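Peer 1: please find the sequence and the predicted model below.
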Amino acid sequence: MTTVDLWTQEFQTNPYPIYSRLRELAPVHRVRGPMGADFWLITRYEDARAALTDPRLSKEPRHTPEWLRRIGAASEGEGPSGKNMLSSDPPDHTRQRRLVSKAFTRGRVEALRPRVQQITDALLDAMAAGDEADLVSAFAVPLPVTVICELLGLPETDRDRLHAWTDALERPTFTEDDVLARKTAATEFRAYVTEQLAEIRAAVDPGLPPEQQPGLLASLIAGAGAGDGLSELELIGMTLLLTIAGHETTVNLIGNGMLALLTHPEQLALLKSDPSLLGPAIEEMLRYDGPVERSTIRVSTEDVEFSGVTIPAGSVVYVSINSADRDSARFPDADRFDITRFAGGGEVGHVAFGHGVHFCLGVPLARLEGQIAFGSLLRRFPDITLAVDPAELGWRGSGDSILRGLTRLPVRL
Ligand code: HEM
């Protein structure tokens, strides 16, 4: 077993050759880094699927070790997101997920379609005013953050503040100042959500059934029968989780996916010539350079073995989603970006949305946004090209952040 460093510039820019070596070397690696980070990383596809469904790897914050609690990453334990379904094991998880699923219906997502198209068109109109644009700040960020405000029933005018907070929560921490910045953002964000929930609660119309309340949060509040609803703490945690998970990921889908297309012009040309490939192309973007580089943490409640390596009880375990999805044992020629890979139908099998009980709740919305975003962008700007050398692009994430996404993506329209 090797000890690896995920905090290098090389890793941040292009982790895939490193993951490839790690998968070959051993199924599980020990990772140590700044701020006392000490965790285990699962890199192969079969082990990743097994780990994501293993009940001995717990999500409960009471197992979170001190070093992780101190750093307070958004995605970790009871950190700034508070108690929510992603930091719970069954049966508590099952109860929370059931309640939220009742409000987060396919119907509610489908009803957003015209609005997602409208927001997309307005952003593309604004971009069309110039010859060049930064696709991240002009499109990939404002689209999902506006959509999540719309879905939850939060004021759209707050979208810049919301994004600033979620961005701060997902930044890696290397110094005490980084930790402080993250904690400050968490406190402000939580205070904002608490205030918003009070306003939404006061505005709930008791004469309307839950599904007709404006916004998912009002539905959740209105639908809470005696003893059956989410506690106030859970409601706050759920709102924070949905705001973070519901947009930072889609930002990265648009950015990483567009970069993959622009650096593979033959695939881009194929997609433009056959728009029916849009759905499979998005699944390939998710597999090839996924928005969530690593799962959120799990902590082993007993010794647990993967491909012959024993992870001792009490260890922090991450599943490398983006490594698993590049495993050639599962995806032939896995380093090739091929938008026809999933065109034959059937199960896609990538783990970009996770696997098991915590499988992403927002998949229908993520796919809807992806389809509208890429479809509209390519129709509107069929000659779009990269305006910089890809080697000059900067990446967010790495270290203790679990997301992978571009800081900017300058394009010529
Ligand atoms: C969970 C990825 C979009 C809400 C997850 C997980 C992954 C993921 C990998 C599992 C994490 C783990 O097990 O540690 C993605 C990707 C997205 C996306 C790649 C976009 C391309 C969304 C959206 C929403 C959302 C739009 C909501 C509006 C959630 C929730 C969970 C989750 C609530 C926790 C589910 C549970 O614990 O049962 N997502 N997500 N996600 N996601 Fe997403």
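Peer 2: Arrived safely.
Peer 1: so where is the stretch 51-200 of the chain shaky, pLDDT-wise?
Peer 2: Scanning the stretch 51-200 of the chain for pLDDT under 70 picks out 72-82.
Peer 1: the ligand contacts on that one?
Peer 2: Proximity of the stretch 51-200 of the chain to the ligand is confined to 85-86, 97, 148 under the rule CB under 6 Å from any ligand atom. Heads up, the C-betas are built off the backbone N, CA and C, glycines and all.
Peer 1: take these and keep only those in strands.
Peer 2: Members of those lying in strands (criterion: DSSP state E): none.
Peer 1: distance check, the residue nearest the centre of the chain against Leu216.
Peer 2: With distances taken as CA atoms, centre = their mean, Thr249 lies nearest the centre of the chain, 3.2 Å away. Thr249 is 17 Å from Leu216, where distance means CB to CB, to the nearest Å.
Peer 1: report the closest residue of the stretch 301-413 of the chain relative to the ligand.
Peer 2: Going by CB to the nearest ligand atom, the ligand is nearest to Gly362 of the stretch 301-413 of the chain, at 2.0 Å.
Peer 1: OK, contacts around that residue?
Peer 2: 104, 242, 245-246, 249 (CB atoms under 8 Å, 6 or more residues apart in numbering).
Peer 1: could I get the residues you listed as CSV with secondary structure?
Peer 2: Compiled in CSV, the contacts of Gly362 are given as follows (DSSP: H, G, I helix; E, B strand; the rest coil):
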residue, secondary structure
Phe104, coil
Leu242, helix
Ala245, helix
Gly246, coil
Thr249, helix
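Peer 1: residues contacting the residue of the stretch 201-350 of the chain found nearest the ligand?
Peer 2: Across the stretch 201-350 of the chain, no residue is closer to the ligand than Gly246, which sits at 2.9 Å (CB to the nearest ligand atom). Each residue near Gly246 by CB under 8 Å, 6+ apart is listed here: 144, 148, 151-152, 362, 365.
Peer 1: cool, and Ala334?
Peer 2: 325-328.
Peer 1: if you rank these by neighbours, which is first?
Peer 2: The residue in the contacts of Ala334 with the most neighbours, by other CB atoms under 10 Å, is Arg326 (25 neighbours).
Peer 1: Gly405 should be in a strand, yeah?
Peer 2: Yes - under three-state DSSP, Gly405 sits within a strand.
Peer 1: report the beta-bridge partners for it.
Peer 2: Counting by DSSP bridges, Gly405 forms beta bridges with Arg396.
Peer 1: helices - which of the contacts of Gly246 land there?
Peer 2: Mapping the contacts of Gly246 onto helices (DSSP state H) picks out 144, 148, 151-152, 365.
Peer 1: in JSON lines, list those along with neighbour count.
Peer 2: As requested, the ones in helices among the contacts of Gly246 are arranged in JSON lines below (neighbours: other CB atoms under 10 Å):
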{"residue": "Pro144", "neighbour count": "29"}
{"residue": "Ile148", "neighbour count": "27"}
{"residue": "Leu151", "neighbour count": "26"}
{"residue": "Leu152", "neighbour count": "24"}
{"residue": "Leu365", "neighbour count": "24"}
